[in-house]
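Enquirer: What shape does this take:
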Amino acid sequence: MLTHIDENENLARMQRGELYYAFTPNIVAARKRCGRIVGRLNRAGELSRRELAAYWKDSWNKLLNVGKFGSITDDPQPLPSPGITEEEEDAILHAYPWIERPINIDYGTNIKVGSNVFINFNCTFLDTCTVSIGSRTLVGPNVCFFSGTHPLDPDLRNGTNGPELGREITIGEDCWIAGNVIILPGVKIGDGCTIGAGSVVTKRVMLQQEILLEFYARLSEVVRGPNFVEKDIPP
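Expert: Now for the predicted structure:
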């Protein structure tokens, strides 16, 4: 445990995507707190649609004990009154995120999800920096959002004594992220994109592109949508 680090400055550096230390008392405690909360959720047995919606919307900030972050949604309104039947409840809660369990989350304070988002089971969020998912986006099972990374220099990396860093991940609206996709730090995926199963996304994906991978994760095809702009391709 690194006890000689200025915790406030360290957290600020983490949130800015700069080098910071992940094994200070406060940062380790934040991960443990999130781990306990997510562990209880994953073991909670059958929960209704309303119970899950309320958990992510109203309870998340209270459970994490970090009031400034709030829920993973940007909607400040409380949940509407319950419906009489299950069908009415489904219609009432249609726009709220549907997040299947189990789920794996590092901190929980840097995840933002739009309306009518579906996240399938066994997804992983390393939310060192903000991971945001736009409205109506579908996320398949076993998808990994890795916003945290490490220095490539092994001397600087230095195991748990060295610094880490992160970059924000932004997923646009109306995307489909298929199963077993890995999204790396700093990636931005534009509105309406489809990312094929097993892809490893390392760079920006433009509007309405479709990324398909063959065996051994070799890029096989990019279908360019009507909003594709050649100059926007990253080097």
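Enquirer: Can you give me every residue that contacts Gly140?
Expert: Counting by C-beta atoms under 8 Å, 6 or more residues apart in numbering, Gly140 touches 120, 176-181, 197. For the C-beta atoms, the positions are set from N, CA and C on the backbone; glycine is no exception.
Enquirer: Which one of those is nearest to Tyr96?
Expert: Asn120 (16.0 Å; C-beta to C-beta).
Enquirer: Show me what Lys188 is bridged to.
Expert: Thr170 (DSSP bridges).
Enquirer: And Ile183, how far from Ile189?
Expert: Distance of Ile183 to Ile189, given as C-beta to C-beta, to the nearest Å: 8 Å.
Enquirer: what do the two both touch?
Expert: In contact with both Ile183 and Ile189: 171, 177, 195, 201, using C-beta under 8 Å, 6+ apart.
Enquirer: Surely the third one and Gly179 touch.
Expert: Put plainly, it is Ile195. No - contact criterion C-beta atoms under 8 Å: Ile195 and Gly179 do not qualify, at 10.1 Å.
Enquirer: Just the buried ones from the shared contacts of Ile183 and Ile189, in ChimeraX syntax?
Expert: With 16 or more other C-beta atoms under 10 Å as the burial test, the buried ones among these are selected in ChimeraX as follows:
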select :171,177,195,201
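Enquirer: ok, the closest residue to Ile133 other than its chain neighbours - contacts?
Expert: In space, and not counting its chain neighbours, Ile133 is closest to Ile171: 4.6 Å by C-beta to C-beta, 6 or more residues apart in numbering. Residues near Ile171 by C-beta under 8 Å, 6+ apart: 131-134, 137, 177, 183, 189.
Enquirer: Can you say which of the residues you listed are buried?
Expert: Buried among the contacts of Ile171 by 16+ other C-beta under 10 Å: 131-134, 137, 177, 183, 189.
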